[in-house]
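Build me a model:
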Amino acid sequence: MRSYRINMDRLVNQLVPHYLGGRKLILFLQSILQPLNSLNIGWVTWADEKRIEAAMTSQVIMMEYFLNRKFGKYFLNTSERIVISDGVVNGVPIYWEASNEDMNQFPLYKEGESEIEGHPSVPLRWKDEKTPTGNVSFVVSCPTINTKIVSQEEFTAMISFYIDRYRIAGKKFKVLYI
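Next up is the predicted model:
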C-alpha cells in the first residue's frame, strides 16, 4: 500500500543545513509547516477512503469491512459490527393438527431418512407466506446506533446509499437493527 503521509518534522530536519541548525529555528520552521501537516492528514484520510471504495466489490466480506469502517463511529457499542446474511428461503412448514406443543415447526423427511446431527433441517414453508426476510436476497444487521449523533432514519438512508451503490443488480436487501 502506498503511503501518502509526509512527515513534516523529519522533512524540516533533513532540509535545514547543519550550519543553520539550532533547536529554535527547527521548531519555528516546523510550526510554520503545521497547517500543511493538517492538510496532509486530511489528504491521507481521503486517499485511503477512495482506495477502499475503488477496491470495493459486492463480496460480503468486502462490503462488511467497508460498512463497518465507514459507519463504526455511529454505533453505541463500538465493539459490535454490521453483519450481512442471506435472506430466508420460503417453503412450507408442516404442523401436527393435534399437537399440544407451542406449534414448533416440524421438518419433513424422506422415507428412511433421519436428521443429521449438527445440521439443522430447514422447515418447508408456503410460497406466499410472509416472513420478515423472505422477499429479500440479503439482510444487513446493524447494531444499535447512538441517536445523539444521527437518527435511525438518517443512518438507514446513509447505509442504503452505499449498499445500493455496490450491490449486484437485481438483489434486494433489508436493513435490520439488532
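
all strands of this protein, in order?
Taking DSSP state E, the strands of the chain run over residues 83-86, 138-142, 173-177.

of all the ones you listed, which gets the most neighbours per residue?
Mean neighbours per residue, mean count of other Cβ atoms under 10 Å, is largest over the strands of the chain for strand 138-142, with a mean of 19. To be clear about C-beta, it is placed using only N, CA and C from the backbone, and glycine gets the same treatment.

Contacts for stretch 31-41, please.
Y4, R5, I6, M8, L11, V12 (Cβ atoms under 8 Å, 6 or more residues apart in numbering).

Any of these buried? List them.
Those of these that meet the buried threshold are M8, V12, by 16 or more other Cβ atoms under 10 Å.

quick one: R69 from I26, how far?
For R69, the distance to I26 (Cβ to Cβ, to the nearest Å) stands at 37 Å.

could I get the strands of the chain as TSV with mean pLDDT?
TSV is the format used below for these (pLDDT from 0 to 100):
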stretch	mean pLDDT
strand 83-86	88
strand 138-142	90
strand 173-177	88
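
now these in JSON lines, with distance to Q59?
Converted to JSON lines, those look like this (distance: least, Cβ to Cβ, whole Å):
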{"stretch": "strand 83-86", "distance to Q59": "10"}
{"stretch": "strand 138-142", "distance to Q59": "12"}
{"stretch": "strand 173-177", "distance to Q59": "15"}
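
if we compare these, which one ends up closest to E153?
Evaluated with Cβ to Cβ, the strands of the chain place strand 173-177 nearest to E153, the distance being 10.8 Å.

could you dump that closest one to CSV, C-alpha only?
Taking Å, rounded to 0.1, in the frame of the first residue of the first chain, the C-alpha atoms of strand 173-177 are listed here in CSV:
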residue,chain,number,x,y,z
PHE,A,173,-31.9,-6.1,0.8
LYS,A,174,-33.3,-5.0,4.1
VAL,A,175,-31.6,-3.2,7.0
LEU,A,176,-32.5,-4.6,10.4
TYR,A,177,-31.4,-3.3,13.8
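
orientation of that strand relative to strand 138-142 in degrees?
Strand 173-177 and strand 138-142 are oriented at 20 degrees to each other (axes from the mean of the first three to the mean of the last three Cα atoms, to 10 degrees).

Find the centremost residue of this protein, please.
Closest residue to the average C-alpha location of the chain: L67 at 2.6 Å, with Cα atoms, centre = their mean.

Now for it: which residues touch it?
I82, V140, I159, Y162, I163.

Now do the closest residue in space to E53 that isn't next to it in sequence: how many residues are near it, please.
Leaving aside its sequence neighbours, E53 sits nearest to F66 (Cβ to Cβ, 6 or more residues apart in numbering; 7.6 Å). Residues lying near F66 (other Cβ atoms under 10 Å) number 20.
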